[in-house]
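**Student:** I would like the atomic coordinates for the input below:
(2 chains)
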Amino acid sequence: MKKLIVLLVFFSITINAQNFVVEKISGTVKLLRVTSEKWEDVKVGQNLTGSDLLLTEENSLIQLSKDNETFLLKSDAAIGLNHIKKISINDLVLALTLDEIRNVPKIKRNSISKNTAVYWAEKSLKNNLNIDENVLGIKKINGAKQLNESGYTESSIIVAKEVFRNYPKVASDFNDRIYFADLLSNLKLYEEAASEYSDIEKLSLTENQKNILKQKKNEVSLRLMKNKK
Amino acid sequence: MFSINHTYAQQAVDFYGMVGDLRNSEFRLNSLESNVSNFTSTKNCEFSISTTSLLGTSKNVNLTGFSLGKKLNNHYLFMRYTPGIFQDFVFNSRTEFVIGDTVQTYKTNLSYKEKYGFGYSYSFNKEISAGFVLRYFQQEFGEEFPIFSTLPDSQLIDRGEILVDKNFWRADIGINYRPLKQLQLTFGTQNIIVLNEYKKDNNKSEFEIESKSFNLKQKKGVQIGINYFPINELGFGLNYESSSSFQLGFNFNTFFENSIISLSTVALHDKYQNPFIAGVLPSINYTSNLFSVTLSYLKYFSDRKKRSVKQFRQKGISSIRNNFFSNDKVSLSFNFALSFQNQQQVKFLDVNITDEIYPTFKNNYIDHPFAIGKVINLTDEKISIKPASFISDINSEKIFSPLITIEPFDTVEIPFFTIIDDSKLQIEKTKISQANFYLTTKYDEPDDEMQKPLLVNSKNSWDGNVRNLRYFVKSDIDFSHKYAKSILIEYRDSLNKVNDILKPFKKLELLFNRFVKTMTYVSDRRATSDYVQFPSETIEIKGGDCDDLSVCFSSILEGVGIQTAFIDYKPNHSIGHVSLLVNLNLPPEMSELITINDKKYFTRKNVSGKEEIWIPLETTSLTNFKEAWNIGSKDFYLEAIDNLGLSKNSVEIVDIF
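**Tutor:** The predicted model follows:
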């Protein structure tokens, strides 16, 4: 049967794909290890690996290098090191399908007990605990934009999709949503872009935003029709 | 002397009255008169017997005859013995003597009998069959005459009789064509071959020469029929003879589970009988699997009592059963299936066992077939099949799979499902059992059966498919519920202080930390096949491998309403792994209540479309909850998310419902 020892060997093969060296730091830059609950300081010359998350505060930056390439993470952003990589369009499309398969299937559950979720309590509890879940989400979106600007467009889209899912308030930002939907269109993934525009349509939008969205949807629809011909 | 015109009464009348022709009865509900092609839908060997009562005569009930029919592949043989098909005429001859006041009269006796009949037909395909019939007729004509004897003192006049036998064989051929399921066309000859037994003799008596005119008329002709069944419950039929006669009829059929009742009426037109519709032949038939009974009544509309010798001399007869001189009749016929074997409607070509039986997956076989049967419809009708199976080691009775309809002569694949009897779940050892498969159509007994060996695994056996680990989770859910409750009750006070929204998380932490205290990770105790412990066994043994521990802890959580899913890390170079995802019922906006690190959870939309936080848990990490969560998260993030395992299907989330 499956043995844990063998399993750990198996996992360890993939763990180190991204090895970066910190070349330059300005301002406050922090690091969150893959499963850590504590932010750490980062030092110049430090080796960073795997899925560590880097975060920059306002007026801060960090420059990383790997295999004679450099990556600059500007202020007020967060990025997982594992996302600083080139991925193919095919892998991007595959990653986008995750949205379809990750949900709980709509089949009646036969559990003997009831779930204990109490959604009415959410608001008061959040206020009591003073949670601001947007901060990291916004920083991650900024990080994703910087990934795109650095030429890692496919990776940036994957990061943004995950952020929008994990941080619902961030997902309600029209401009951010349009930014990444446009990236899909630029990559000629028109069907995926159309789907994203349709999702954005469900947000509470101003008239101006609705007009912008309508125009973008029409453009994508036209391109889809041309492709089908 | 009298002369006889060539008039031909209708020859194609038998006493079933189209009751069977219009619905393709599986019993032969007609005879050689109307069915010259000897066509039958019969598939069995059958015996029939019929009686006739001539109304308005002193002859009450006569045995008309009995017959035997047998289908042999495409051949059909039929024979009948009919002592009751006869008609006698007696009338005064020309000779008479007047002796004193006494008039001595002499009779002419004419006797017509049809004794034997044979039929043969061959089905070329489901549309066309052809055949012939042979019928043997006996004719005995007698004329009395005076014999004078001279005695010494007187003269005697005695009575003698000349007897002439004019027996003959008659052969006809026919063809039956069924271009459509609802349409049947028939063609048959009349008197196409007649073989007389009597020889020509130049030294014949005057009576022998004269008696030629008494012969049954043997004019050649044809009969053409058409039957149309727009629906199973209704049929129409027309049979036309070249003598300008016809029969026109219809019938209604009512179908019961294993029987049919038919009502039929036929109108007879005979050019030489009055009125235009000379008579009607209503009949009623009941047919079951084993026998068929038909009651018919032939009613003529002209007054038969006013028949005269003169008319007979003028018309003669061409049919013994139906002619100008026939009386009204009531006929009762029985047909019996002799083989007592139902006609096989469907047959197995093969049965392929697609799955071994794993007793613990018992609900799996309700909607996933364990075997596929290849079945052929042997008939020209659309048939509904009730497939069933019986495996003595897991079933207490036959298990019926859904009804399947199969087109005529078509072949289909039939799935076989099964339900494992609760009393037979505790199978300790894997064994080879015999699976019996049955195909039943309209009869009580199966049309076909087949037996195949089948592996029935022990209750702890597992096929390696992580989806099927769910059955182990569910099978011990009552035990797990009690186990989890007994732990949580110890922490009742601290749980009560936790906000409801965090209770699943807190319960998870408490249960896991207690769970790992007693557990030890051990590798699978079987080297060659997969063996999974039930949760109660894992708790009792205090250990297990990754699937035992995942199954057990999933069952514990499900027992208190915490939703779980297996994470199936699919085998890569023969290595695979199973761990758990646990639903905290926590919306992503509140993730910081449990972690600041979004790599440690995974959001999934629930059935209501709301995002919820699920956390991965490595159940083999038997240190504490935090460690198990961290290890589980790290592995899940790398394999499922970063390496696109979920999209590439190298990692699968298997929900436990």
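**Student:** Can you list the buried residues in the worst-scoring helix or strand of chain B on mean pLDDT?
**Tutor:** Least confident helix or strand, chain B: helix B:309-315 with a mean of 72, by mean pLDDT, DSSP states H and E. Neighbour-count burial for helix B:309-315, counted by 16 or more other CB atoms under 10 Å in any protein chain shown, picks out B:312-313, B:315. No exception for glycine: its C-beta is placed from N, CA and C like everyone else's.
**Student:** do stretch B:510-519 as well
**Tutor:** Applying 16+ other CB under 10 Å to stretch B:510-519 flags B:510-512, B:514-516, B:519 as buried.
**Student:** How about it and chain A, any contact?
**Tutor:** No: residues of stretch B:510-519 are not located near chain A by CB under 8 Å from any CB of the partner chain, the shortest gap being 12.9 Å.
**Student:** Just the C-alpha atoms of that stretch, please, in PDB.
**Tutor:** C-alpha atoms of stretch B:510-519 as PDB (Å, rounded to 0.1, in the frame of the first residue of the first chain):
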ATOM      1  CA  LEU B 510     -10.100  18.400  19.500                       C
ATOM      2  CA  LEU B 511     -11.100  15.200  17.700                       C
ATOM      3  CA  PHE B 512      -7.800  14.900  15.800                       C
ATOM      4  CA  ASN B 513      -5.600  15.500  18.800                       C
ATOM      5  CA  ARG B 514      -7.500  12.800  20.700                       C
ATOM      6  CA  PHE B 515      -7.500  10.500  17.700                       C
ATOM      7  CA  VAL B 516      -3.700  10.700  17.200                       C
ATOM      8  CA  LYS B 517      -2.900  10.000  20.800                       C
ATOM      9  CA  THR B 518      -3.800   6.300  20.400                       C
ATOM     10  CA  MET B 519      -3.000   5.700  16.800                       C
END
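**Student:** shaky segments in chain B?
**Tutor:** B:1-9, B:22-23, B:56-60, B:94-95, B:199-203, B:306-309, B:339-342, B:523-529, B:573-575 (pLDDT under 70).
**Student:** Which neighbouring elements make contact with the least confident helix or strand of chain B?
**Tutor:** Applying 3 or more CB pairs under 8 Å, 6 or more residues apart in numbering or on different chains; DSSP states H and E, one finds that helix B:309-315 contacts strand B:86-99.
**Student:** any idea of the angle the next helix or strand along the chain from the strand it packs on forms with strand B:86-99?
**Tutor:** Downstream of strand B:86-99, the next assigned helix or strand under DSSP states H and E is strand B:102-123. On the basis of axes from the mean of the first three to the mean of the last three CA atoms, to 10 degrees, strand B:102-123 is oriented at 160 degrees to strand B:86-99.
**Student:** If you count contacts, what does the helix or strand following strand B:102-123 end up packed against?
**Tutor:** Tracing the chain past strand B:102-123, the next element assigned as helix or strand by DSSP H and E is strand B:128-150. Packed against strand B:128-150 by the contact rule (3+ CB pairs under 8 Å, 6+ apart) you find strand B:86-99, strand B:102-123, strand B:155-165, strand B:168-180.
**Student:** do you know which of those strands lies nearest B:Arg28?
**Tutor:** Closest to B:Arg28 of these is strand B:102-123 (CB to CB; 9.5 Å).
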